[in-house]
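Trainee: sharing a sequence plus its predicted fold:
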Amino acid sequence: MAFELPNLPYSYTALADKGMCQETLELHHGKHHNTYVTTLNGFVEQDSSLQGKSLEELVKLAYGRDDLQKVFNNAGQHWNHILFWENLSPSGGGIPGKLEAKINEDLGSVDQFKEQFKAAAVGQFGSGWAWLVLAGDGKLKVTNSPNAVNPLATGEGTVLLGLDVWEHSYYLDFRNRRPDYVNNFLDNLANYEYAEEKLNKA
């Protein structure tokens with residue numbers, strides 16, 4: 001069964017007054033993400049050993065294998081973006097109590113978490129991602145990764161939040177000001193309720 005581009009959980013215009021314009025979402029979701037899905041389906045159709053596997057299975061199978069690098073790039077980016085769209089919200093920015101308590105316990109404070117996350121996102125050279133992860137030891141940690149790599153592939157833990165820092169995710173709205181894009185995400189767009197749901201399930 002072919003992989004599909006998920007619908008956004010909000011309209012293309014829903015985030016415009018929060019710092020992510022309609023054109024950004026149309027290009028990022030409708031063009032970039034859609035291309036990852038289409039390309040991945042093409043690779044799966046050509047290779048019977050990939051058929052019947054879930055997206056998560058493909059990400060883990062292809063990670064670190066030179067012969068499956070292109071498969072990984074597209075599977076990883078499909079997985080990353082499915083999470084990314086859920087991590088954005090027109091009513092984002094407010095951190096619910098249980099997640100806030102966990103952040104305070106593991107990362108010192110909300111302000112310290114935001115500083116760590118911003119450092120990870122801004123410090124990721126070139127294209128990549130910043131993550132808030134529930135690690136195997138039960139502690140929250142902030143990390144980053146290049147290109148399509150994610151904590152599912154590396155086994156770093158359960159992702160609660162992921163921020164795309166490829167330039168196409170912010171250039172129309174923030175030009176080259178990645179720090180401003182990250183701040184805007186953390187303060188206005190981040191769907192911390194979704195992150196708390198992921199924490200509860202984990």
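Mentor: It's in.

Trainee: residues contacting the residue nearest to the spatial centre of the chain?
Mentor: In the chain, the C-alpha nearest the mean C-alpha coordinate belongs to Gly162, at 3.4 Å (C-alpha atoms, centre = their mean). By C-beta atoms under 8 Å, 6 or more residues apart in numbering, the contact list for Gly162 reads 80, 83-84, 87, 129-132, 150. Yep, even glycine has a C-beta here, placed from its N, CA and C like the rest.

Trainee: where's it, which helix or strand?
Mentor: Assigning secondary structure by DSSP states H and E places Gly162 in strand 158-164.

Trainee: now do that strand, average pLDDT.
Mentor: The average pLDDT within strand 158-164 is 98.

Trainee: which positions within that strand qualify as buried?
Mentor: For strand 158-164, the neighbour count (16 or more other C-beta atoms under 10 Å) marks 159-164 as buried.

Trainee: and if you look at stretch 48-56?
Mentor: Buried residues in stretch 48-56 (16+ other C-beta under 10 Å): 50, 55.

Trainee: start and end of that stretch, how far apart?
Mentor: 17 Å (C-alpha to C-alpha, to the nearest Å).

Trainee: contacts for that stretch?
Mentor: 3, 43-45, 58, 61, 71, 75, 78-79, 82, 152.

Trainee: of the residues you listed, grab the buried ones for ChimeraX.
Mentor: Under the burial definition 16+ other C-beta under 10 Å, those of those that qualify are selected in ChimeraX by:
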select :3,43,44,58,61,71,75,78,79,82,152
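
Trainee: which ones among the contacts of stretch 48-56 lie within helices?
Mentor: 43-45, 58, 61, 71, 75, 78-79, 82, 152 (DSSP state H).

Trainee: widest-spaced pair of these?
Mentor: Glu45 and Leu152 (23.2 Å; C-beta to C-beta).

Trainee: quick one on the thing from earlier: quick one: which two of the buried residues of strand 158-164 are the most distant?
Mentor: So, those by C-beta to C-beta: farthest apart are Leu160 and Asp164, at 15.2 Å.

Trainee: which one of the ones in helices among the contacts of stretch 48-56 is nearest Leu186?
Mentor: The nearest member of the ones in helices among the contacts of stretch 48-56 to Leu186, counting by C-beta to C-beta, is Ile82 at 20.6 Å.

Trainee: just confirm that closest one contacts Asn7, I think it does.
Mentor: No - if you go by C-beta atoms under 8 Å, Ile82 and Asn7 don't touch, sitting 11.0 Å apart.

Trainee: how many other residues sit next to Leu107?
Mentor: Leu107: 20 surrounding residues under other C-beta atoms under 10 Å.
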